[in-house]
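Student: Got a predicted structure here, sequence first:
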Amino acid sequence: MRRHSFLLELLFQCLPRSERQLNDLKRGELRWSDRDSGWEVFIPSVAFKNANSSYFGSKPFRLILPDLGGLYGYLEAYIDRHRRILLAGADDPGTLFVKTVKITSKDASYDQNTFYEAWRLVIQRYGIYNPYTGRGVIKGLLPHGPHNVRDVLATHILKKTGSYEQASYAIQDTPDMVAKHYGRFLPQDKAALAAQILNKVWDAA
């Protein structure tokens, strides 16, 4: 699955597809897991660009989404009501995310350009913290497209933990690859991490 198309191509339907079907489609799916009583993202390894990475070991990627910030309520409202309104009777492309159908365009599916534009607008409006309005959630975040998600995740976790291994878990890759592509630490960043650990030790003493 290409980095910029993960969310763009994520499928959804009420009855989950089999792993074989998703393998054939080389697509991932959001579905409800009765076993875990939670929303699950299930993606066969063949859908990833780095499918041969030792991270996967030929096994699918499976993640139960935590119900943080009322996520399940928002998901269920979107699936039950809002998604249907966006479709407005148009053909359902089967993807989780659909765009507003207009008189000039009856195609509800996103392409790379329209998804990029929607993503960037959401990041600008809700992601980037604005100290003057108090809106947004992440200080220092810059406008970016969906293809930068891996970069944002990897560098954020590296700056917080200094761990290539933990960063590799977040982007489904190996610690060696993370160190090679994302290990661009400044010396003061490493020193700051060490200082934080020492400060905790002194506080506890």
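Tutor: Sure thing, it's come through.
Student: could you measure the closest residue to residue 60 other than its chain neighbours against residue 82, distance?
Tutor: Spatial nearest neighbour of residue 60, chain neighbours left out: residue 44 (4.7 Å); criterion: C-beta to C-beta, 6 or more residues apart in numbering. (C-beta placed from N, C-alpha, C; glycine too.) Counting by C-beta to C-beta, to the nearest Å, the gap between residue 44 and residue 82 amounts to 28 Å.
Student: on that earlier part again, which ones are touching the residue nearest to residue 60?
Tutor: 19, 22-23, 26, 28, 60-61 (C-beta atoms under 8 Å, 6 or more residues apart in numbering).
Student: If any of the residues you listed are buried, put those into a PyMOL selection.
Tutor: Here is the PyMOL command that selects the buried residues among the contacts of residue 44 (16 or more other C-beta atoms under 10 Å):
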select buried, resi 22+28+60+61
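Student: For residue 125, state which of the contacts of residue 44 is nearest.
Tutor: The nearest member of the contacts of residue 44 to residue 125, counting by C-beta to C-beta, is residue 28 at 26.2 Å.
Student: Surely the closest one touches residue 41?
Tutor: Yes: counting by C-beta atoms under 8 Å, residue 28 touches residue 41, with 6.4 Å between them.
Student: what do those two both touch?
Tutor: 10, 61.
Student: still on that earlier bit, could you pick out which of the contacts of residue 44 are located in helices?
Tutor: Among the contacts of residue 44, the ones falling in helices (DSSP state H) are 19, 22-23.
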